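Enquirer: Provided below for reference: sequence and predicted model.
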Amino acid sequence: MLLALVALAAACRTAEPPRTEAAADTIPALPAGQFVPEYGPATPLFANFREGLIAHRLLDTTATRLNRWLVLPEKITLATAHCDEPNAKYEPSSRTVTLCYELFRALSERFATKTGGEYLVAGTLMFAMMHELGHALIDVLRLPTTGREEDAVDQLATLLLLRQGAAGDSLAFGAVGWFVTNAQTNRFDEIALADDHGLDQQRVYNIICWIYGRDPSRYPEVLRDGLLPEHRADRCPAEYQRLTDSWGRLLAPHERAPLQ
Ligand SMILES: [Zn+2]
């Protein structure tokens, strides 16, 4: 499945490889809450990752785009920092979304030298950041959720990636690749069943379903190559529409302007 996903990620590649925009412009002073980028200190072993992120303006570009889109009652920090594990997280007490330097290193080691690996690295990073952003928005905007919050923010992360054009599709397929490799290496046991996240393999099928559901004619390979069982694929357009409508209604009162 991983090879098929990388092929799909590359197939929807535009002339430009996935990258952050060169956001030279900054937005004017904003009231009260806004998204604020913060590149935390890194140990010498991780210094090159930090410098690369600053050079690519990863957090700045994301914060600028989000500030143009949403009005916040309080500041949300988008940060890179050291953690105990290769992960990403949202900390409600400081209202901080953190991408861990250890995640950058793990992704680099796992994918960077592989064909199509840039999509898996960039897609996973962006998915992780948008997933944690979802937790932050539910917290700060007091958004209602029913069912598992982890599923809801996976939905938002996928929708936000898909709003970035053809490169966004590549990123979304790249993120699926991360969960595919996790499913191959992580142990499946009672602890996994009790987790508040879906199983890695369930997250694989969910995200593929939402990519496919937006426009089934766009990626017939999803069915042809067996990336999704037909009985699930049939339901994906309605599933995609429902989650788009739901997140749209939740966030509409907080929009400054349409998301670009
Ligand atoms: Zn989460």
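Expert: Perfect, I can see it now.

Enquirer: For the rest of this, base every contact and every neighbour count on C-alpha atoms.
Expert: Noted.

Enquirer: How about the contacts made by His131?
Expert: If a contact means C-alpha atoms under 8 Å, 6 or more residues apart in numbering, then His131 has Val153, Asp154, Leu156, Ala157 as its contacts.

Enquirer: So which residues make contact with the helix or strand the third one falls within?
Expert: So that's Leu156. Assigned by DSSP states H and E, Leu156 belongs to helix 149-162. Contacts with helix 149-162, where a contact means C-alpha under 8 Å, 6+ apart, come from 126-135, 145, 168-169, 171-172, 196-198, 207, 210-211, 243-244, 247.

Enquirer: quick revisit: save the contacts of His131 as TSV, and put in neighbour count and pLDDT too.
Expert: Output for these, formatted as TSV (neighbours: other C-alpha atoms under 10 Å; pLDDT from 0 to 100):
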residue	neighbour count	pLDDT
Val153	24	97
Asp154	23	96
Leu156	23	97
Ala157	22	97
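
Enquirer: Let me know the closest of these to Arg256.
Expert: Closest to Arg256 out of the contacts of His131 is Leu156 (18.0 Å), distances taken as C-alpha to C-alpha.

Enquirer: just the helices in the stretch 1-150 of the chain please.
Expert: 2-11, 47-56, 58-69, 101-111, 117-140, 149-162 (DSSP state H, counting those that start in this stretch).

Enquirer: quick one, which of the ones you listed is nearest to Thr185?
Expert: Comparing the helices of the stretch 1-150 of the chain by C-alpha to C-alpha, helix 101-111 comes nearest, at 12.1 Å.

Enquirer: that older thread, next SSE after the helix holding Leu156?
Expert: Counting by DSSP H and E, what follows helix 149-162 is helix 165-185.

Enquirer: got a list of contacts for the helix or strand following that next one?
Expert: Moving toward the C-terminus from helix 165-185, the next helix or strand (DSSP H and E) is helix 190-194. For helix 190-194, contacts defined as C-alpha under 8 Å, 6+ apart pick out Leu199.

Enquirer: Can you redo the helices of the stretch 1-150 of the chain as CSV, where the extra columns are distance to His82?
Expert: As requested, the helices of the stretch 1-150 of the chain are exported to CSV (distance: least, C-alpha to C-alpha, whole Å):
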stretch, distance to His82
helix 2-11, 29
helix 47-56, 11
helix 58-69, 16
helix 101-111, 5
helix 117-140, 15
helix 149-162, 23
